[in-house]
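In: I would like to see how this sequence folds:
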Amino acid sequence: MNVAREHCGFILKCIRSILRMAFGLQDNRLRLTEALVDAVPTTLPTVLQYLSLQDHLDIYVACPKCHSIFKDLGAATNLPTCPTVDLDGTLCNTELYIQRHRGNRSWYVPIRRFSHQPLESWLARFLNRPGIEDMLEAARPLLQENCTDVWGASFLSNFPGDGKPSFFEAPVGELRLAFLVYHDFFNPYGNQIAGKKRSIGVVMMACLNLPPDVRYDIENIYFAAMIPGPKEPTLETINNYLKPIVDNLEEHYKSGVYINSTSKYPKGRKVRSVAPIQSMDIIASRAFGGLGGPSHTKFCSFCEAVLSRIDVFDLSQFPTRSMEQHRLHVQEWLSAQSLKERNSVWKEHGARYSEFLRFEWWDPLTGTTVAPMHWSKNVIEKQVRENMGCSVTAPSGIPTSRQLSRPISELELEWGKLALAHLSADELGKSKLPEPLVRFLCRQRSIFEAGLNVSRLLNDLNEWRTDNHILASDGSPTSPDYSGAVALAKTHYYLSKARKSASLLRNNSTVESLQQLCLKLKIPITRKEKKLELEELLMDAFKNVLIPNVHDSEDLGDKVAVLGQEVVEQIKLDMKETQLPSFLKTPPINFATVDHGKIGAEEYKSLAMVSLPITLIRLWGYPGANPAYRDRLDHFLHLSVAIRILAYQTITAHDINLFEYHYTQYLLGLKRLYPFSSIVPVQHLGLHIPYFLRTLGPASRYSENTPEMIIGILEDISTNHKIGELEQTLHREMIMASNLRSLMRNTPLPAELDQFRDIVEKFLGDRYPASITASGWQTSHGGGAIILDTDTYASLVGWCQHNRKKLFGRSLYLCSKIQLGNLVYQPYHIASANGYIGFRQRGSSAIIRGRIETIFQEPSANAPRIAIVVRAFKLLSAEDTKLDPYLHHPIVGRPRFGFIQLYYNAVEDDEAHIIEPVDILSHLVVTYYHDSTGSISAPCVVVMDLDLVSLKITLDLRPELTFLYAQQKHGIHN
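Out: Sure thing, here's the model as predicted:
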């Protein structure tokens, strides 16, 4: 509530005073009443003590410079400065404490603090909540064909145990827990204080034994540690903060910890825990695991891919990284005798020590996921903003060129051409052709060059020369440079540059090439001149000569974009008319401008899955559309489908194969369709996502969505803004919020306090969002029951009789909303976005799409029955169906997935369907269809299914792809 402690005391005293006055007005005042009023606390610490919301934290003093940590003993005299000595023997000697004064008092406080909550402290409270242990014990590895969670995939099933097939085969009474680790840094000031860019870190864990629908609720998150700012620790220094965490986890794994009392075992029970899975963004995960980041030569944590070959998408060319080899490289790093040696090992192998390597089972290569939320956001953003050039100012068009870093002169190009014609493969590699020239030569030969280094491009040029018989198979030129033409051209080029710096000519010429150039330029020489004299003769003769640039190299690039102004306006038009169900995050209408601010991962996902496909298929998917745009549409839809599959709540081997196919097709089109856009590490990492889908199950079960949301909560918490103090405040605040929510949900209260519980729950719900954990369907209705009219009741009776169900009474509630978890369904006239559904009627395999007209609920003290009246959208006529660009699209239409098509903008008037909630398959996205040709006989709407029901597609990876169909249900609801 952002209320200061002293103000809290004032409020508490007012509450006590008000209660005293209220009771004083009663005629029958009792001493007991006065005692109760006197017991009302008047200070915040007393309240916290009464509620027992605070847990134990281990506090460490952290060095502001080298990030070494020391147990806080409460006195600076024990350790006034940091005693850490680095590998080169340099003493840190940074002051650890600062003196504070108040009046005549003075004392020392740590400049930086690191706080860690021991796992046993968290478990002692967690395991005393009713019902928790039953949920934890129910989680056991069991391989699933339709995998719904990490427990149904292979990773935890194969997790090593002590002489048993699985760690999770525990003795009776012993509890085995698995945790997912999340770690990241964030700005504690958020946008509150302009100009202050600071960074502090959080380490939190989610207990994977909990069911997915409650796993990431704030009261179930273990807030392990807060890492002090104001800057992130560099490389290996993060290990200083990981050590206490790993020390604690090591005890929990090896010997286990005895919790003295739990809800189910009042006399206590033994608990053993592991934290084998990490899900965090690429920067945090690489620092955490001791691996090179995306800018390192070895940018991939999974395979041996290197930056110079980042555009190669065939994983068979890159061996999988070996944990055995990684440990050898780490040992080499540890054995280094100096910081320089360590940096050399790091530069070569991208490997250093991590505290988690103390666990024999820990594998940063395969246990650290390609974080699905960050990956989706980054790959979509790269495609939409850079590749497709999303812009509200540039005209729409296909770029055909991109500006070089500088123009190429005719002399420079002549040197480059001669080098390609006459130098051997080795000589070209050592030729020192300028980077802009090398890129220009590649572009002229349609060799992809965006973002690749010169060494790689010269290799590609050598391959091109071999293919064109300029080089023999041994790398020698078929037309050797016997006359020194290449050296002459090089000298001529650098002569043209020497007017800026004579050293350029001196360093890039020989006496022989200078003599040849004098003869070429008809400058008289005796051949006895020294090099300096030749340089002066040439520079004097050349000082007024202007060398023109190659016209093509001066091209400033097309000022057009695939998603240019005209296309963006059409996207915005459709977005304004699109009805998105409440579980989907609505992207900002002005997504293409800087006005929107930061676009979140879920908003990007909605753009890729919904908004862009709806508009781009309308613009570029009809017969006769420009082939260049159609190619880019199909290319984007491959990515869109991959994003949809990644959002599934269940996953099968077939789904994973589909992800592999569509994402690979997307990658293979990048260099052809966007030759001026670089390939980045996040695009390569997507090739490894199938591994994690196979070993960990649906990506939604280990996504970083909730931890990122919690970071947003941390940024909103009020503090004193003092780095070194606010970290501990945030840590305690989150622990207390977690404990308070648990207290309110699990503590029996008198009925008179239900209103108070509701008030607190609403406050906590607004501030600390959580899953809706109530079991079964929840309903909302206003007023009393109504009596159904004769026709409506007759239809309901007929439906009951046809389906052999107990008859409904004639008196029923009209519901304004029904809800299951976070999924909300409503009559379309109340909230149209939640009123469009896909469903199946009992005994039928046909999927019907329509809108909810009415929701009836039976008045009953028991679990009430619900009946839903739905009217189906009108199907297009046979002639109009031929004009549906969505239905006939070869990727998303009926030939393959079939999750989007046109319907008339009307419902069937003469027929209504009665269904139950269990018959609902999915929400629908609905938007008006702008028929630019006017060919369709009546107004239409685009209807997109968010359940992807028909997905069983058999892939034949020949050019003439064949697809077989069968129906299989997969939800994407978050």
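
In: so what pLDDT did the closest residue to N626 other than its chain neighbours get?
Out: Using Cβ to Cβ, 6 or more residues apart in numbering and skipping residues adjacent in sequence, the residue nearest N626 is W620, 7.1 Å away. Any C-beta I mention is one placed from the backbone N, CA and C, and that applies to glycine too. In this model, W620 is scored at 97, pLDDT.

In: can you get me a residue count around W620?
Out: Neighbour count for W620, taken as other Cβ atoms under 10 Å: 21.

In: dihedrals phi and psi, it?
Out: phi -120, psi 0 (degrees, to the nearest 10).

In: N657 versus the nearest residue to L521 once chain neighbours are set aside, what's the distance?
Out: In space, and not counting its chain neighbours, L521 is closest to A541: 6.2 Å by Cβ to Cβ, 6+ apart. Separation of A541 from N657 (Cβ to Cβ, to the nearest Å): 69 Å.

In: what are the phi and psi values for V392?
Out: When quoted as degrees, to the nearest 10, the phi and psi of V392 stand at phi -100, psi 0.

In: OK, contacts around it?
Out: Contacts of V392 were listed using Cβ atoms under 8 Å, 6 or more residues apart in numbering, and they are Q565, V568, A592, T593.

In: the closest residue to it other than its chain neighbours: what's it in contact with?
Out: Spatial nearest neighbour of V392, excluding adjacent residues (Cβ to Cβ, 6+ apart): A592 at 5.0 Å. A592 makes contact with C390, S391, V392, L563, V568, I571, K572 under the criterion Cβ under 8 Å, 6+ apart.

In: how about 10 Å then?
Out: Residues near A592 by Cβ atoms under 10 Å, 6 or more residues apart in numbering: 384-385, 389-393, 561, 563-565, 567-569, 571-572.

In: same check, this time on V37
Out: I15, R16, S17, I18, L19, R20, M21, A22, F23, G24.

In: can you name every helix or strand that the helix or strand encompassing M744 contacts?
Out: Using DSSP states H and E, M744 falls within helix 726-746. Using 3 or more Cβ pairs under 10 Å, 6 or more residues apart in numbering; DSSP states H and E, the elements in contact with helix 726-746 are helix 44-51, strand 58-62, strand 113-116, helix 119-126, strand 200-207, strand 221-227, helix 705-716, helix 754-767.

In: rewinding a little: just the contacts of A592 now: which is nearest P588?
Out: Each of the contacts of A592 was scored against P588 by Cβ to Cβ, and K572 proved nearest at 10.0 Å.

In: tally of neighbours for that closest one?
Out: K572 has 17 neighbouring residues, counting by other Cβ under 10 Å.

In: how about it: what's its closest non-neighbour residue?
Out: K572 sits nearest to I589 (Cβ to Cβ, 6+ apart), 5.5 Å away.

In: swap in Y629?
Out: Nearest non-adjacent residue to Y629, counting by Cβ to Cβ, 6+ apart: W620, 4.1 Å away.

In: now that neighbour: how far from M609?
Out: Using Cβ to Cβ, W620 is found at 18 Å from M609.

In: where in the stretch 851-974 of the chain is pLDDT low?
Out: Scanning the stretch 851-974 of the chain for pLDDT under 70 picks out 861, 948-974.

In: which residues in it form helices?
Out: All helices of the stretch 851-974 of the chain, identified by DSSP state H, counting those that start in this stretch, fall at 878-881.

In: where along it do the strands fall?
Out: Under the criterion DSSP state E, counting those that start in this stretch, the stretch 851-974 of the chain contains strands at 866-872, 900-904, 913-915, 920-929, 940-945.

In: now mean neighbour count and distance to I735 too, for those, in CSV please.
Out: Shown next, in CSV, are these (neighbours: other Cβ atoms under 10 Å; distance: least, Cβ to Cβ, whole Å):
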stretch, mean neighbour count, distance to I735
strand 866-872, 21, 40
strand 900-904, 22, 46
strand 913-915, 20, 45
strand 920-929, 23, 36
strand 940-945, 23, 42
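
In: can I get those in CSV with distance to A653?
Out: Below are the strands of the stretch 851-974 of the chain laid out as CSV (distance: least, Cβ to Cβ, whole Å):
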stretch, distance to A653
strand 866-872, 34
strand 900-904, 25
strand 913-915, 32
strand 920-929, 22
strand 940-945, 23
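
In: which stretch among these comes nearest N803?
Out: Proximity to N803 (Cβ to Cβ) singles out strand 913-915 among the strands of the stretch 851-974 of the chain, at 8.9 Å.

In: helices and strands around the helix or strand that contains S106, which ones?
Out: Assignment of secondary structure by DSSP H and E places S106 within strand 105-110. Packing contacts for strand 105-110, counted by 3+ Cβ pairs under 10 Å, 6+ apart, involve strand 58-62, strand 97-102.

In: sketch out the low-pLDDT regions of the stretch 501-650 of the chain for me.
Out: 557.

In: ranges for the helices of it?
Out: According to DSSP H, counting those that start in this stretch, the helices that the stretch 501-650 of the chain contains are 502-507, 511-520, 531-542, 565-576, 601-606, 612-620, 627-646.

In: to E137, which of the ones you listed lies closest?
Out: Closest approach to E137 among the helices of the stretch 501-650 of the chain (Cβ to Cβ): helix 627-646, 30.5 Å.

In: that closest one packs against which elements?
Out: helix 372-381, helix 601-606, helix 612-620, helix 653-673, helix 689-696.

In: adding distance to E410, write these out as CSV.
Out: CSV is the format used below for the helices and strands packed on helix 627-646 (distance: least, Cβ to Cβ, whole Å):
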stretch, distance to E410
helix 372-381, 40
helix 601-606, 46
helix 612-620, 40
helix 653-673, 29
helix 689-696, 48
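
In: no further questions, thank you.
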